[in-house]
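# Sequence and computational prediction follow.
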Amino acid sequence: MLKSKTFVKKTRAGGVLKIVREHYLRDDIWCGSEVCKECKDEAPVLQEDACIESNLCSYPHYLIPDTNVVLHQIDILEDPLIRNVIILQTVLQEIRHRSAPAYKRIKDAIHEKEKHFYMFTNEHHRETFIEREPGESANDRNDRAIRVAAKWYADHLAKKTNGGSLKVVLLTDDRANKEKAEQYGLIVYRCEEYIKSLIGNPELVDRLALQPDDQNEITGSKLLFPEHLPLSRIQSGIKNGVLLQGTFHANRDNYLEGTVFINREGEDINEVLLQGLQNLNRAVHQDVVAVELFPKERWVAPSSVVLQDDSPNDEDAEEDETENKGVPPDSSILKPTGRVVGIIKRNWRPYCGMLSQSMIKEATRHLFTPADRRIPRIRIETRQAANLAGQRIMVAIDGWPKNSRYPNGHFVKNLGTAGDKETETEVLLLEHDVPHLPFSPAVLSFLPKMPWSITEEDLKVRADLRHLGVCSVDPPGCTDIDDALHCRELENGNLEVGVHIADVSHFIRPGNALDQEAASRGTTVYLCGKRIDMVPELLSSNLCSLRSNVERLAFSCIWEMNHNAEIIKTHFTKSVINSKASLTYAEAQMRIDDTTMNDDITKSLRGLNRLAKILKGRRTEKGALTLSSPEVRFHMDSETHDPIDLQTKELKETNSMVEEFMLLANISVAQKIYDEFSECALLRKHPSPPPSNYDILIKAAKSRDLNIHIDSAKALADSLNNATVENFPYFNTLLRILATRCMMQAVYFCSGMDSDFHHYGLASPIYTHFITHQEVRCYAQRASVAFHTQLFFKNKGIINEEGFILFVRKNAIIILIPKFGIKGTVFFDNKDKPSPHLIFDSEGPTLKVEEHMFRMFDKVKVTISLDASNIQHQRIRMALIEPVIPGVSVPVPESEPEAKKPKLDC
C-alpha cells in the first residue's frame, strides 16, 4: 500500500518546487515473537518465556518503552535483567534526533542477542501507521503512534496465544500519555513503579534517573541560582547581538571560575570569563551556553588562586553554603567577563568518581565526587552506600534545579576498588571516551582469512619495491609498525628517499562494520603497558605491521632529491615492500655511529640522517619552532609490572630523523591532495596565537633581562634560540616548555571552507596527517602516565630532588622536576597551620613568602611523595626544603636504600 503527500516549497531563487513524498505500508512486517506462528519470521527475537519476577506483573510480558523512558532510563534498559523489549520505529527515530549517545546505546542493545530487544517498524506497518491529525503536535502524534502500536501488539499476541498469559506492558513517565493508554485498555506503568516492583533487584532502583518532580522533592526551597532564559529568548538575544553563544570550559584549578569560548566567527570577543557560582549558573564543563557580557567596568582578570570545592558532605550545610568567597582579581590583564543566562545544549555524559558518604546515619542521599575536577559534585540516592565506599563508580546527571547547590543524578555502575591498576585504567579510558571493548564478532567477520598472502593480482596493480633496503625505526617493543623508510643513490647521482605507510585500506572496505568501528575509535591509544588498538590485532600487529623479512602492502611516498635535500620530483604509489630490519631508535643510532658497519641498511640510515639535518635546518630558517615538553619512561617490574624506575626520555638523532621524513611526507601529501581535490582536501593548520597568549613567556624572559619577539614564528624561534643564561643551561629548555603552553590547538579543516592553510609551528604553508608516527595520541595517554607516576612514588616513600619554578600563583608555586619530568605544587596556605605572610605581584610574576622572593625558573629543592589522604584524587605532594624559610620549609628527610628488582622498559 502506498501513501503519498504532495506539497509545494518556495526555493531561494524565488521559484516553486513541487515535492511528493511516498510512504509505503506493508503487511509482511513480523512481530518478532516466538509464540507467533502466523508471522513468518525465521529468526524471532522475543522469547516465549518472557518471565521476570515482579509484584505488578506476575505474568510473562514484553516491555514497550516510550521515547522519554529510552532517553532518560537507558542505564536501566542496558541492565542484563531487562530483556524482551520492543523498540518502536517511532521511538528510535525520535531518539536519533534528540540524543546521538542514547541512540548508539539503544542500537547496541538491539544488536545484543542476549538482550532480546526487537525493533518493530510500526511506521511502515499497515495496521500501526497513523496520520497526523489537524492541530495535533508532532509529539502528541508520536505518543498516539506508540499507543496504537502497543495496542496492536497486545491484540496480536492475545490472538496467537488464544487469550493466553503473554502480555505487553507500556512504560511511560508522561502523565497524559499514561492516562490515555489506560483509557485505551493497555497495561501501562511509570518506569519507576515498574522497576521498584521487580523482586530481588534493589540495585536497579539506584539506576533510575530522577524526573523533574523527584528532583524538586530532594532539593531545598532556597533559590540559589538565577532562572535560565527560555530557548526562544536565547535565540532572539543571540540574533540581536545581546547574548553570545559558546562552549563552557570549567577551570580545573578553581571551581568558582570558567571560560566560555565563543563559537561564531566574526565576533570581536572570542572568550568570556565567568567568576562565581551565580555567574556560572549551573553550567557544566562542555555545555553549550548563552552568556550575557558585563559592561567593561565589570571586567576582571583570571584568578591566580588554586581553589578546590572541599566543603563538608553535609546536606544542610551544602544548601546554606553560598560560596561567596572573596577572590581579589588581578589588575594586570582584564578579560571580557559575563554570566550564563541559559543552557542551549547539555553535553553531559556518565562520570567516573567516588561516593562521599553522608554524615547522617541511614541516609540514602549522598554526594558523588567526580574524578575530573572540572565536573561539580553530584547528589545521588542510593541504598548501597556502605558497599560503594572505597569503590570507583559511574554516575549520570539527571538535572540541576535552581534551588540545589549541586546537580542531581543516579548511580550507573560499580567499576571496582579505587587504586587497583585495572580499575584505574578502566576509569581513565571511560573518562577520556576511549572505546575499548573487545571487537565484536560482526567486526571480526570482515578480517581476511588466514593464512593470508600477497597475490599475483596485487602485484599487477602495485609497484614491486621488495628489493629496496627498507627499514623501520620505532620505540622499543613496538609491534604495530606503521611506517618504514629507505634511501639509496640513483645512477644519475641523485638520491631516492621513500616513506612507506602500511596500507590498511586494502583490508577495510568503506562502510562495513570494521570500517565503522575503526572510525569510532579514531586512533590507537598507547597507555603504559597497554595498547588500545584502532583495528583488530591481526591487522595492527601482523598484516598491517611493516615487520622485517615479511612481504607487506604499503602506500609509498617517494622523492628524488639532490644531496642538498632539494626535491626534484615526487610520486605516490601503492606498493609491496619487504622490510630488511625492524630497529629501535637506539639500534639505528648505534649503526649510524659505528664506523665499522657499512651494510646497505646502515648506509641508508646515514643518508637519511644527513638529509634530515638539512631539512630540519631549512625548516628552522623559515621559522619552525622547536618547543619542549618533558616525556618520561618507566622501567617496570618484570613480575608485578609496577613501575620501579622513572626517568625522562632521552631523544637521539634518529628520533629527529624519523620525524623530519614524516613531516616531509605529510607536507607532500597535503600538496598532492589539494592539487587533486582543491575544494575538499582534508588539511591540518596551526593558527598563530594571539599576542596575549605570550604574556607569561615574555614576563619570564624579562625576569632574566631577555627579550622575546613574537612578531612572527621566525622572530619567536630566533628569540628562543638566543635565550640563554650563563651558568643556567636548563633555562632555555624551561623557556621552550613555557612557549609550548602559549600555542593554539592545531585543527583539521576542509580546504574549500578556509583560505588560510598555514601551519604556524612547522612554518609550512600546507600540512595534513598522512602519518602521525605515534607521537602524543590523546589525553588518555597522559592520564596513564600520571597514574603510573603515582604508583612509582607510592613505593618510594619520600624523595629529595632539585627542581625549577615553572609558574607562580597567589598562594603556591608550581615546580618542574627535570629528573623525573613531573610537575607538582607547593602550597603556602596550609589549613593545618598558620599561613605565612604572602605578597603576590602579577607583573613579575613574583610571590614573596615571608622575606623570600620566588620568581619563575628559580631553582629550589623539594621533597616528593604520594599524598594518598584523598584516595579519589591522589596526587604528587611536594614540600619546600630549600630555600629555608622558617615555618614554611621542611627538614631534609633521610632517604632509604631500595632493593634492586629485575625491570622491563615501558
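In hand now; what should we look at?
# Let me know how buried residue 509 is, in neighbour terms.
By other Cβ atoms under 10 Å, 11 other residues sit near residue 509. C-beta: built from backbone N, CA, C; applies to glycine.
# How about the contacts made by it?
Listed by Cβ atoms under 8 Å, 6 or more residues apart in numbering, the contact set of residue 509 reads 446, 515.
# For stretch 528-542, buried residues please.
The neighbour-count check on stretch 528-542 (16 or more other Cβ atoms under 10 Å) flags 528-529, 531-536, 538-542 as buried.
# Mark which of those are part of helices, please.
residue 538 (DSSP state H).
# quick one: which of the buried residues of stretch 528-542 is nearest to residue 885?
Nearest to residue 885 among those, counting by Cβ to Cβ, is residue 528 at 36.5 Å.
# re the thing from before, include pLDDT and distance to residue 662 when you put the buried residues of stretch 528-542 into JSON lines, please.
Formatted as JSON lines, the buried residues of stretch 528-542 follow (pLDDT from 0 to 100; distance: Cβ to Cβ, whole Å):
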{"residue": "528", "pLDDT": "79", "distance to residue 662": "24"}
{"residue": "529", "pLDDT": "75", "distance to residue 662": "25"}
{"residue": "531", "pLDDT": "86", "distance to residue 662": "20"}
{"residue": "532", "pLDDT": "89", "distance to residue 662": "22"}
{"residue": "533", "pLDDT": "91", "distance to residue 662": "21"}
{"residue": "534", "pLDDT": "92", "distance to residue 662": "18"}
{"residue": "535", "pLDDT": "94", "distance to residue 662": "20"}
{"residue": "536", "pLDDT": "95", "distance to residue 662": "25"}
{"residue": "538", "pLDDT": "95", "distance to residue 662": "25"}
{"residue": "539", "pLDDT": "95", "distance to residue 662": "21"}
{"residue": "540", "pLDDT": "93", "distance to residue 662": "19"}
{"residue": "541", "pLDDT": "93", "distance to residue 662": "20"}
{"residue": "542", "pLDDT": "94", "distance to residue 662": "23"}
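# Okay, the residue nearest to residue 746 when sequence neighbours are not counted and residue 658: tell me how far apart.
Nearest residue to residue 746, sequence neighbours excluded (Cβ to Cβ, 6 or more residues apart in numbering): residue 686, at 4.3 Å. With the distance defined as Cβ to Cβ, to the nearest Å, residue 686 ends up 20 Å from residue 658.
# Pick out whichever of those two has more residues nearby.
Using other Cβ under 10 Å as the criterion, residue 686 and residue 658 rank with residue 658 on top: 23 against 20.
# Could you say whether the closest residue to that one other than its chain neighbours sits in a helix, a strand or coil?
In this structure, residue 658 finds its nearest non-sequential neighbour in residue 473, 5.2 Å apart by Cβ to Cβ, 6+ apart. Here residue 473 takes the strand state, with states given by DSSP: H, G, I helix; E, B strand; the rest coil.
# With the one 5 residues further on instead?
Recorded secondary structure, residue 478: coil (three-state DSSP).
# Can you list phi and psi of it for me?
According to degrees, to the nearest 10, the main-chain angles of residue 478 amount to phi -70, psi 130.
# neighbours around it, how many?
By other Cβ under 10 Å, the residues close to residue 478 number 17.
# Distance to residue 673 added to the buried residues of stretch 528-542, as CSV?
Output for those, formatted as CSV (distance: Cβ to Cβ, whole Å):
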residue, distance to residue 673
528, 35
529, 37
531, 29
532, 28
533, 26
534, 21
535, 23
536, 28
538, 29
539, 24
540, 25
541, 29
542, 29
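# List just the nearest of the buried residues of stretch 528-542 to residue 692.
Residue 692 has its nearest neighbour among those in residue 528, at 36.0 Å by Cβ to Cβ.
# quick one: that closest one and residue 793, what's the gap?
In this view, residue 528 and residue 793 are 14 Å apart by Cβ to Cβ.
# got it, and residue 443?
With distances taken as Cβ to Cβ, residue 443 is found 39 Å from residue 793.
# out of the two, which sits in the busier spot?
Neighbours were counted for residue 443 and for residue 793 using other Cβ under 10 Å; residue 793 has more, 24 against 18.
# So for the helix or strand hosting that one, what gets flagged as buried?
If you go by DSSP states H and E, residue 793 is part of helix 779-794. In terms of neighbour count (16+ other Cβ under 10 Å), helix 779-794 has its buried residues at 780, 781, 783, 784, 785, 787, 788, 789, 790, 791, 792, 793.
# now whatever helix or strand comes next after it and helix 779-794, what's the angle there?
Per DSSP H and E, the first helix or strand lying C-terminal to helix 779-794 is strand 799-808. If you take axes from the mean of the first three to the mean of the last three Cα atoms, to 10 degrees, strand 799-808 sits at 140 degrees to helix 779-794.
# Assess the claim that the residue nearest to residue 658 and residue 659 are in contact.
No: with contact defined as Cβ atoms under 8 Å, residue 473 does not count as touching residue 659 (10.4 Å).
# Looking at those two, which one has more neighbours?
residue 473 (28 against 16).
# if I look at the more buried one, how far off is residue 483?
Distance, residue 473 to residue 483, using Cβ to Cβ: 9 Å.
# Find residues that contact each of these two.
Here residue 473 and residue 483 have residue 658 as joint contacts, going by Cβ under 8 Å, 6+ apart.
# Who does residue 381 form a beta bridge with?
Beta-bridge partners for residue 381, by DSSP bridges, are residue 365.
# hang on, it packs against residue 365?
Yes: assessed by Cβ under 8 Å, residue 381 is found in contact with residue 365 at 5.5 Å.
# which of the two has more neighbours?
Legend: neighbour count by other Cβ under 10 Å for residue 381 and residue 365, higher for residue 381 (19 against 14).
# how near is the more buried one to residue 206?
On the measure of Cβ to Cβ, residue 381 and residue 206 end up 7 Å apart.
# Find the residues that touch each one of the two.
Applying Cβ under 8 Å, 6+ apart, one finds that residue 381 and residue 206 are jointly contacted by residue 410.
# After the helix or strand of the chain with the lowest mean pLDDT, which helix or strand is next?
One helix or strand of the chain scores below all others by mean pLDDT, DSSP states H and E: helix 315-320, with a mean of 40. Downstream of helix 315-320, the first helix or strand assigned by DSSP H and E is strand 338-345.
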